[in-house]
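In: Predicted model and sequence below, questions to follow.
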Amino acid sequence: MNKLIVQPLNQSSISTVIVIDALDECEDDEPASAILSVLGRLISEIPKVKFFLTGRPERHIRGGFRLPLLVNVADVFVLHEVDPCQVRSDVRLFFRHNFSKLAGRRGLDDWPTEQQLDVLCDRAAGLFVYAAATVKFIDNQNNNPRRRLDLLLQSPENSAREGKAKLKNTTLDSLYSSILHRLSAMTIPRTILGSVLSLVLWSWLRIPFLHLPLPCSWVAISKMCSHSCHRFTPSSLPPHPPGGCRSPCSTIP
C-alpha cells in the first residue's frame, strides 16, 4: 500500500478520490476488515486523498469502521436510512434525464407525461436497477418508445415483492416478465426467442460444477412463449458431454 498509494500520491500532490466498491465481497476472515485496518494506518500520511467505500454492513466491515484510527475520520452513510422521498426524487430525476435524451434523439414532444413518470417511480419503489432496466427496454432503436412505455405500463400486477418494496407491481420479476412478453410479441419471431432461451437453459445445465436450481421454470417459459415457441423439455436439449454433471432440474418436464 505504501508503494502503490502513499508514495505516488504524495509525490504528485494531487487531490484524489479513490472508490472501493463492494467491500463486502472481498474475502476477509478478520474480525475487523483488513482493508479498513490498512487504510486506517495510512490515512494520516495522505491527507489529500479521500476514500469512498461501498458495501453491505457485514460484521467485519462495521468493526473496521469502529477501529480507533478510523472512528473519528470516517463518515458512515447508511443507504436504507435515506429519506424515501429523496430516493424517489433521485429515481425520477434519473428517468427524466434519460427519457429527455431519448425524446431529443427520436423527436418526441411532451413525452413522457408526468403521470407516466409517477407510475414508473411507484413501480421502481426506490430500486435504481428497476429504473435502469426500464430505460434500457424503452430505449430501443427498432421500436417506438411511446408504444414500448405504454405496453410496459399496461403489464399486469404481480403479487410478489422485491426487497422492501410494498407497492403493487414493483418487482423486477414483473418487469422482466413484461419485457420478455413484449420481445416475443413485437421484436423477434417466437421460434427465435425459444431457441435463445433453450440455449441459455442448455448452457446452464452443462456447467459441470453447478448444482443449483434453474432461475425460472421451463413450464413458465414455455407458457410465456406460447405454443409456437420451442418447447423446453429435457429431450429437446443437446446431450450433455460424457461424464458431464446433470443439474437436478434437468428432469423437470
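Out: Yes, it's here. For clarity, every value in this text was computed on a predicted model and none was experimentally measured. Residues are numbered from 1 along each chain as shown.

In: Do you have the helices of the stretch 51-200 of the chain handy? List them.
Out: Using DSSP state H, counting those that start in this stretch, the helices of the stretch 51-200 of the chain run over 59-65, 84-106, 114-124, 128-138, 145-153, 172-182, 190-206.

In: what's the angle from the fifth one to helix 128-138?
Out: Using axes from the mean of the first three to the mean of the last three CA atoms, to 10 degrees, the direction of helix 145-153 lies 130 degrees away from that of helix 128-138.

In: then helix 145-153 to CSV, C-alphas only?
Out: The C-alpha trace of helix 145-153 is given here as CSV (Å, rounded to 0.1, in the frame of the first residue of the first chain):
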residue,chain,number,x,y,z
PRO,A,145,-40.5,4.5,-27.4
ARG,A,146,-44.1,5.7,-26.8
ARG,A,147,-45.5,2.3,-27.6
ARG,A,148,-43.0,0.4,-25.5
LEU,A,149,-43.6,2.6,-22.5
ASP,A,150,-47.4,2.3,-22.9
LEU,A,151,-47.1,-1.5,-23.2
LEU,A,152,-44.9,-1.7,-20.1
LEU,A,153,-47.3,0.4,-18.1
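
In: by contact count, what packs against that helix?
Out: helix 84-106, helix 114-124, helix 128-138, helix 172-182 (3 or more CB pairs under 8 Å, 6 or more residues apart in numbering; DSSP states H and E). To be clear about C-beta, it is placed using only N, CA and C from the backbone, and glycine gets the same treatment.

In: Equivalent analysis for the longest one, please.
Out: With contacts defined as 3+ CB pairs under 8 Å, 6+ apart, the packing partners of helix 84-106 are helix 114-124, helix 128-138, helix 145-153.

In: What lies in contact with it?
Out: Helix 84-106 is contacted from outside by 108-109, 111-112, 117, 120-121, 124, 126-128, 131-132, 134-135, 138-139, 145, using CB atoms under 8 Å, 6 or more residues apart in numbering.

In: Dump the helices of the stretch 51-200 of the chain to JSON lines, plus mean pLDDT, distance to Asp75 and mean neighbour count.
Out: Shown next, in JSON lines, are the helices of the stretch 51-200 of the chain (pLDDT from 0 to 100; distance: least, CB to CB, whole Å; neighbours: other CB atoms under 10 Å):
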{"stretch": "helix 59-65", "mean pLDDT": "91", "distance to Asp75": "10", "mean neighbour count": "18"}
{"stretch": "helix 84-106", "mean pLDDT": "95", "distance to Asp75": "17", "mean neighbour count": "14"}
{"stretch": "helix 114-124", "mean pLDDT": "93", "distance to Asp75": "27", "mean neighbour count": "17"}
{"stretch": "helix 128-138", "mean pLDDT": "90", "distance to Asp75": "22", "mean neighbour count": "18"}
{"stretch": "helix 145-153", "mean pLDDT": "90", "distance to Asp75": "38", "mean neighbour count": "17"}
{"stretch": "helix 172-182", "mean pLDDT": "68", "distance to Asp75": "31", "mean neighbour count": "18"}
{"stretch": "helix 190-206", "mean pLDDT": "56", "distance to Asp75": "43", "mean neighbour count": "17"}
